[in-house]
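>>> just a sequence and a predicted model for now, questions to come.
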Amino acid sequence: MPRPIYITTPIYYVNDKPHIGHAYTSIAADVLTRFHRLAGRDVFYLTGTDEHGTKIAEAAEAAGITEIEFCDQIVDMFRTAWKNLTIENDYFIRTTSERHHKAVKKILGELHKAKTDDGQDVIYSDNYEGLYCNGCEKFITEKDLVDGVCPDHNRAPEKVKEKNYFFRLTSYLPEIKKRIESGELQILPEERRKEVLGLLKQDLQDFSLSRERVKWGIELPFDTSQIAYVWVDALTNYISAIGYADNQETFTKWWEEAEVVHLMAKEILKFHCLYWPAMLLALGMKLPETMYLHGFFTIDSRKMSKSLGNMIDPNDMVAQFGPDGTRYLLLTQFPFGVDGDVQAQRFVAQFNSDLANDLGNLVSRVAKLIAVHFDSKLPSPYKEIDGLDALMSQSEQLSGSVYDHIAHFRIDRAINETMNLVRATNKFFNDLAPWKMAKEGKRDELGGVLYACCETIRIVSILLSPVLPTKMRELRAIFGLDDQTLTLVNAQTFFTLEPGTQVKIEEAVFPRMQEKKQADTAVKKAENKTVADLIDIADFGKVQLRVAQILQAEKIEGADKLLKLQIDLGSEKRQLVAGIAKHYKPDELIDKKVVIIANLKPAVIRGVESNGMVLAASKGRKLTLVVPDNDLPVGAKIS
Ligand code: MSP
């Protein structure tokens with residue numbers, strides 16, 4: 001029996017809703033899982049959410065709800081997105097679950113008792129003084145900053161001075177290096193392995209595994225004034241989810257006995273390839289067999305970001321291309337493992353060319369000729385056909401080579417090689433022109449060509465089923481094939497379909513998409529922020545509405561619609577520009593309470609700096625300021 005395999009994705013932060021970057025890893029893991037199952041392996045697929053830390057607490061506060069209410073809402077969005085993408089994970093771990101808390105406390109307790117080989121405490125306390133980026137959830141140094149702010153989060157780090165517990169990472173680095181060099185801990189692709197070995201040559205420091213300032217997290221069992229560092233909390237999900245603290249049987253099976261594969265993108269390399277193995281070594285536990293760090297992609301050459309408005313919601317893609325179309329398109333944009341660019345405007349053309357034309361049309365044409373000339377019954381094979389031997393051997397070799405690609409994480413190549421068989425079958429069909437054979441009365445040859453095409457389609461339906469599970473089930477139903485025959489072994493032999501089988505196609509498996517419909521698509525939606533769309537609570541939560549009082553108002557020279565306002569926000573005074581001059585005289589505004597958006601980026605309007613925006617309601621030409629109840633104190637947050 002092959003060894004069971006345990007496949008994980010990172011657990012995603014819930015400070016925002018899922019996008020296709022998250023979907024990419026989860027789909028890839030789902031495809032690997034399904035392939036290994038086809039090959040008869042026992043697989044456990046884990047994904048989940050990372051719910052603690054300052055940025056999640058901040059997002060919840062901005063949304064005006066409790067942390068757990070906020071997490072519940074975003075977690076639902078992740079679960080729904082994965083369901084819509086037909087991702088079938090075996091378990092979904094939440095770091096806010098009781099099960100996870102119990103495991104983290106157990107691990108921290110064990111680490112607290114543990115000693116290094118030279119008899120030192122694995123955990124020690126020390127004071128930390130320095131800079132902390134809440135966005136990265138890590139300590140950073142002056143040299144990481146660009147113009148005084150963290151370049152990844154565009155925010156200034158906080159100066160912190162606190163007592164922390166440290167984890168003696170440095171004691172475990174030589175052993176980690178040895179395991180990586182011997183291949184016992186496999187880091188893939190090779191470039192990432194080199195990167196880790198490069199890091200190991202640098203002057204790495206012990207890391208702090210607790211935070212005094214952070215409130216939303218898991219308390220250390222040996223010092224409840226401290227919260228576990230969010231990365232320590234998060235990494236342990238890989239064992240809390242399979243019973244580390246509550247089910248020895250599943251834990252033994254999926255950690256100690258299985259081949260453990262952690263899948264992620266390259267930006268979280270240091271945590272996974274150094275911190276996590278060091279923690280496991282300190283606990284006296286087995287290390288994972290493989291870390292696979294795939295590339296990071298951009299959208300139309302730009303980093304995916306909320307402010308650029310180019311984040312694509314996987315649900316929008318599913319609405320347009322279906323779950324299978326979305327899975328296929330995302331995995332075929334660039335080789336798995338390297339960085340890439342997703343050119344979303346090409347999705348429709350690629351869907352039409354690969355799925356609707358090459359695959360969908362082949363099925364329709366073959367099924368139609370069988371319907372017309374063989375009363376919808378599969379004809380018998382016939383071997384005296386030009387090109388049949390070549391097609392047969394390509395088909396029979398395919399599953400071996402596709403599975404080899406999968407075993408080496410070459411997902412895009414596995415798909416492409418299968419699509420090559422589709423293309424070769426189209427060529428075989430077109431070269432032999434069976435419609436002419438029909439006219440010439442060459443019935444045996446006609447039947448033989450159609451039978452051969454059905455066989456390659458059957459083999460393709462097995463090998464594409466991990467990527468296109470729903471559509472391949474539909475396709476297989478055309479030939480009366482059920483999931484029982486869905487195994488890699490069945491893809492190894494030609495001539496297995498029973499002649500006489502009913503071949504029934506009612507509608508195209510992949511209907512062609514209208515290219516001009518692109519205007520309403522997921523892609524356009526992401527690119528064009530003016531397209532009306534419903535927003536999520538997480539988006540709304542980012543807008544900070546506050547009660548302010550107007551202190552001064554004056555006209556701006558040369559701008560007849562604008563007024564310059566000085567306002568009081570309680571904790572601070574600000575200037576902003578409002579387009580209300582046609583509706584209010586400056587004098588009428590003094591002392592008026594208004595509602596403002598307090599966290600807009602500063603803008604300069606007609607040469608005057610504006611730090612916020614006043615809310616007003618309009619109907620027709622009439623515009624009125626939104627005025628809060630007079631009892632509301634200046635500075636009050638509105639949620
Ligand atoms: N919570 C941590 C992970 C803890 S794991 C113990 C985290 N979360 S995250 O929400 O930021 O997710 C990062 C992961 O999302 C990446 O490692 C990758 O799997 C996926 N991706 C997010 N954007 C992506 C791209 N643009 N391209 C490829 N993968 C992307 O880090």
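Thanks, I have it.
>>> which residue does the chain have closest to the ligand?
Gly21 (2.3 Å; CB to the nearest ligand atom). The C-beta positions use only the backbone N, C-alpha and C, and glycine is treated the same way.
>>> not counting sequence-adjacent ones, nearest residue to that residue?
Met304 (5.9 Å; CB to CB, 6 or more residues apart in numbering).
>>> contacting residues around that neighbour?
His19, Ile20, Gly21, Phe297, Thr298, Asn310, Met311, Ile312 (CB atoms under 8 Å, 6 or more residues apart in numbering).
>>> I'd say the third one and Phe297 touch.
Yes - between Gly21 and Phe297 there is a contact under CB atoms under 8 Å: 7.1 Å.
>>> let me see the mean pLDDT of the helix or strand hosting Gln552.
Here Gln552 sits within strand 545-556, counting by DSSP states H and E. Mean pLDDT, computed over strand 545-556, is 91.
>>> which strands and helices sit next to the helix or strand following that strand?
On the C-terminal side of strand 545-556, the closest following helix or strand by DSSP H and E is strand 559-568. Packing partners of strand 559-568 (3 or more CB pairs under 8 Å, 6 or more residues apart in numbering; DSSP states H and E): strand 545-556, strand 573-578, helix 586-589.
>>> repeat the analysis, applying 6 Å as the threshold.
strand 545-556, strand 573-578 (3 or more CB pairs under 6 Å, 6 or more residues apart in numbering; DSSP states H and E).
>>> which regions of the stretch 351-500 of the chain sit below the pLDDT cut-off?
For the stretch 351-500 of the chain, not a single residue meets the criterion pLDDT under 70.
>>> how about the strands in it?
Counting by DSSP state E, counting those that start in this stretch, the stretch 351-500 of the chain has no strands at all.
>>> before we move on, back to that, and the contacts of Met304, which of them are in strands?
Cross-referencing the contacts of Met304 against strands under DSSP state E gives Phe297, Thr298.
>>> would you reformat the contacts of Met304 as a markdown table and include neighbour count and pLDDT?
Shown next, in a markdown table, are the contacts of Met304 (neighbours: other CB atoms under 10 Å; pLDDT from 0 to 100):
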| residue | neighbour count | pLDDT |
| --- | --- | --- |
| His19 | 20 | 96 |
| Ile20 | 25 | 97 |
| Gly21 | 19 | 97 |
| Phe297 | 19 | 94 |
| Thr298 | 16 | 94 |
| Asn310 | 21 | 87 |
| Met311 | 17 | 91 |
| Ile312 | 24 | 94 |
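>>> now, the contacts of Met304 that are in helices?
Ile20, Gly21 (DSSP state H).
>>> neighbours around Lys585, how many?
Other residues lying near Lys585 total 10 when counted by other CB atoms under 10 Å.
>>> kindly apply the preceding question to His405 instead.
19.
>>> was I right about it contacting Ile415?
No - counting by CB atoms under 6 Å, His405 sits too far from Ile415 to count as a contact (8.8 Å).
>>> check which residues of stretch 404-416 are buried.
His405, Ile406, Phe409, Arg410, Ile411, Asp412, Arg413, Ala414, Ile415, Asn416 (16 or more other CB atoms under 10 Å).
>>> quick check, the second one in contact with Ala414.
What it means is Ile406. Yes - Ile406 is within contact range of Ala414, at 5.2 Å (criterion: CB under 6 Å).
>>> what does the stretch 201-350 of the chain put close to the ligand?
Residues of the stretch 201-350 of the chain lying near the ligand by CB under 6 Å from any ligand atom: Ala234, Leu235, Asn237, Met264, Ala265, Glu267, Ile268, Phe296, Phe297, Met304.
>>> against Lys306, how distant is Ser399?
Distance, Ser399 to Lys306, by CB to CB, to the nearest Å: 43 Å.
>>> more neighbours, these two?
Ser399 (22 against 12).
>>> how about the nearest residue to the more buried one, chain neighbours excluded?
Ala491 (3.9 Å).
>>> can you get me a residue count around the one you found?
26.
>>> that one: what's it in contact with?
The neighbourhood of Ala491, defined by CB atoms under 6 Å, 6 or more residues apart in numbering, consists of Ser399, Ile459, Ile462, Leu463.
>>> right, and the second one touches Ser395 too?
Yes - between Ile459 and Ser395 a contact is recorded at 5.0 Å, counting by CB under 6 Å.
>>> count of neighbours near Lys161?
10.
>>> wait, doesn't it sit right on Glu129?
Yes - using CB under 6 Å, Lys161 makes contact with Glu129 at a distance of 4.5 Å.
>>> re earlier: highest mean neighbour count out of the helices and strands packed on strand 559-568?
strand 573-578 (a mean of 20; mean count of other CB atoms under 10 Å).
>>> for it, what does the pLDDT average out to?
Across strand 573-578, pLDDT averages out at 90.
>>> which parts of the stretch 1-150 of the chain sit against the ligand?
So the stretch 1-150 of the chain meets the ligand at Pro10, Ile11, Tyr12, Tyr13, Gly21, His22, Tyr24, Thr25, Asp50 (CB under 6 Å from any ligand atom).
>>> strands - which of the residues you listed land there?
Pro10, Ile11, Tyr12, Tyr13, Asp50.
>>> most widely separated two among these?
The two members of those with the most space between them (CB to CB) are Pro10 and Tyr13, at 9.1 Å.
>>> neighbour count: these two, which is higher?
The neighbour comparison of Pro10 against Tyr13 (other CB under 10 Å) goes to Pro10, with 25 against 19.
>>> ok, the more buried one - contacts?
Contacts of Pro10 (CB under 6 Å, 6+ apart): Met264.
>>> what's the answer for Leu468, then?
Counted by CB under 6 Å, 6+ apart, Leu468 has contacts Asp324.
>>> ok, 7 Å please
Asp324, Arg327, Tyr328 (CB atoms under 7 Å, 6 or more residues apart in numbering).
>>> rewinding a little: got TSV for the ones in strands among the residues of the stretch 1-150 of the chain next to the ligand, with pLDDT too?
Output for these, formatted as TSV (pLDDT from 0 to 100):
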residue	pLDDT
Pro10	98
Ile11	98
Tyr12	97
Tyr13	95
Asp50	98
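>>> closest one of those to Leu38?
Pro10 (24.9 Å).
>>> distance of the closest one from Ala581?
51 Å.
>>> same check on Val467?
On the measure of CB to CB, Val467 and Ala581 end up 59 Å apart.
>>> higher neighbour count, these two?
Val467 (23 against 18).
>>> am I right that Glu175 falls within a helix?
Yes - under DSSP: H, G, I helix; E, B strand; the rest coil, Glu175 sits within a helix.
>>> surely Lys177 meets Leu200?
Yes - Lys177 is in contact with Leu200 according to CB atoms under 7 Å; the separation is 5.0 Å.
>>> where do the strands sit along the stretch 501-639 of the chain?
Under DSSP E, counting those that start in this stretch, the stretch 501-639 of the chain gives strands at 545-556, 559-568, 573-578, 593-597, 603-605, 608-610, 613-614, 616-619, 622-625, 637-638.
>>> which secondary structure elements does the last one sit against?
The reference is to strand 637-638. strand 545-556 (3 or more CB pairs under 7 Å, 6 or more residues apart in numbering; DSSP states H and E).
>>> other residues contacting the strand it packs on?
Taking CB under 7 Å, 6+ apart as the rule, strand 545-556 contacts 562-569, 581, 586, 589-598, 606, 608, 628, 632-638.
>>> between the residues of the stretch 201-350 of the chain next to the ligand, identify the one with the most neighbours.
Ala234 (27 neighbours).
>>> list the contacts of that residue.
Ile11, Asp50, Thr95.
>>> switch to 8 Å and redo it
Ile11, Asp50, His52, Thr95.
>>> quick check: which element contains it?
helix 230-235.
>>> ok, now which ones touch the residue positioned nearest the centre of the chain?
Nearest residue to the geometric centre of the chain (CA atoms, centre = their mean): His22, 0.8 Å. When the contact criterion is CB under 8 Å, 6+ apart, the partners of His22 are Tyr12, Phe78, Ala81, Pro314.
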